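[1] Here is a sequence with its predicted model. Questions after.
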Amino acid sequence: MSVIRRISAKPHQVQKRVFDARNTRWDDHRLVVRAELSDAAVRAIDRCGQGVSMEDIAAEAGVSKPKLYRHFGDKAGLYRAVGSRLGTMIWESAELTLQDAGSAPSVDEVFGSLIRSYVRLVGKHPAVVRFLISHKMFQYSVSGDGGAADELRSIVEILADQFATHLRTIDADTSTVPIVVASILGSGLSATEWWLDGGAEQGVDDELFVAHLQDTTWGIVEAASRRLGVDFSRDRSISDPGLVTRR
């Protein structure tokens, strides 16, 4: 009887809880379905390349085209979801290295590990990266909504924050840090596009490309550090107080 009274006392609250629970359950289901469809789109692009169609993606997912449109709205919505999926892969490939960065032998090894993970992923899904670039979906957004380029920026910014902390400990200017981040990302994406468009076929294999990106990254960092009158020691850990020193 007490339960019946409690329910009858405030029926609108009970109805709201039931409604919210149903909504949450369906929201979770929709997220799972969207993730499955996004993965299918990645596989279809891997297989078909630039000529992939909505029919190809629907066939890969084993669903109808209307279901794709129901979950993503239009082609652009699906393409954004593919960009977000690749962004998640980029983040997942870097996450362990970032977690262990403070205990790594040197910041140079951290850079190398992150770049190698990125190049390995690009090499695994070259058609997807080309597809996103050609549809202008491999770009930085103002909102930072989790696309591939935004995830790359997040990774670089995490390291940049560590460098900025070291600069502040010796009262050095940190205003150029965002410029350094933008320069590293811009040159890296430009080099990636060149590599995919024929650089690999011209003899620039994975390891050479990794080495180039690593050297370019340090070149940008060291050029900025010279202007600031400081030195970064590549052979020190990112948590080492002696990572940055005054010239």
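    Looks like it came in fine.
[2] contacting residues around the residue nearest to the spatial centre of the chain?
    Among the residues of the chain, the one closest to the centroid is residue 151, at 2.5 Å (C-alpha atoms, centre = their mean). Contact analysis of residue 151 by C-beta atoms under 8 Å, 6 or more residues apart in numbering lists 87, 88, 90, 91. Every C-beta, even on glycine, is put in place using the N, C-alpha and C of the backbone.
[3] So for the second one, what pLDDT did the model give?
    Pointing back at residue 88 there. In this model, residue 88 is scored at 92, pLDDT.
[4] cool, residue 100 as well?
    At residue 100, pLDDT is 89.
[5] how close does it sit to residue 88?
    20 Å (C-beta to C-beta, to the nearest Å).
[6] More neighbours: which of the two?
    residue 88 (16 against 11; other C-beta atoms under 10 Å).
[7] how about the helix or strand encompassing that one: buried residues?
    If you go by DSSP states H and E, residue 88 is part of helix 75-99. Judged by neighbour count using 16 or more other C-beta atoms under 10 Å, the buried positions of helix 75-99 are 78-91, 93-94, 97-98.
[8] Name the next helix or strand downstream of it, please.
    helix 107-124.
[9] quick one, that following helix and helix 75-99 angle?
    Computed by axes from the mean of the first three to the mean of the last three C-alpha atoms, to 10 degrees, the angle separating helix 107-124 from helix 75-99 equals 150 degrees.
[10] packing partners for helix 107-124?
    Applying 3 or more C-beta pairs under 8 Å, 6 or more residues apart in numbering; DSSP states H and E, one finds that helix 107-124 contacts helix 75-99, helix 148-169, helix 206-228.
[11] which other residues reach the next helix or strand after that helix?
    As assigned by DSSP H and E, the chain's next helix or strand after helix 107-124 is helix 126-134. With C-beta under 8 Å, 6+ apart as the contact definition, helix 126-134 has outside contacts at 42, 45-50, 52, 79, 82-83, 86, 122, 137-138, 148, 192-193, 196-197.
[12] What subset of these is buried?
    42, 45-46, 52, 79, 82-83, 86, 122, 137-138, 148, 192, 196.
[13] Now for the residues you listed: which two are most distant?
    52 and 192 (20.0 Å; C-beta to C-beta).
[14] which two in the contacts of residue 151 are spaced the farthest apart?
    Farthest pair in these, by C-beta to C-beta: 88 and 90, 7.3 Å.
[15] What's the per-residue pLDDT of residue 25 here?
    On the pLDDT scale, residue 25 gets 57.
[16] any residues touching stretch 223-241, and which ones?
    Under C-beta under 8 Å, 6+ apart, the answer for stretch 223-241 is 101-108, 110, 159, 162-163, 166-167, 169-170, 172-173, 176, 179-180, 218, 221-222, 242-247.
[17] Skipping adjacent residues, who's closest to residue 183 in space?
    residue 220 (4.9 Å; C-beta to C-beta, 6 or more residues apart in numbering).
[18] angle of the helix or strand containing residue 189 against helix 206-228?
    If you go by DSSP H and E, residue 189 is part of helix 177-194. Helix 177-194 and helix 206-228 meet at an angle of 160 degrees, taking the same axes, to 10 degrees as the criterion.
[19] Can you give the distance of helix 177-194 from its chain's centre?
    Chain-centre distance of helix 177-194: 14 Å, with C-alpha atoms, centre = their mean, to the nearest Å.
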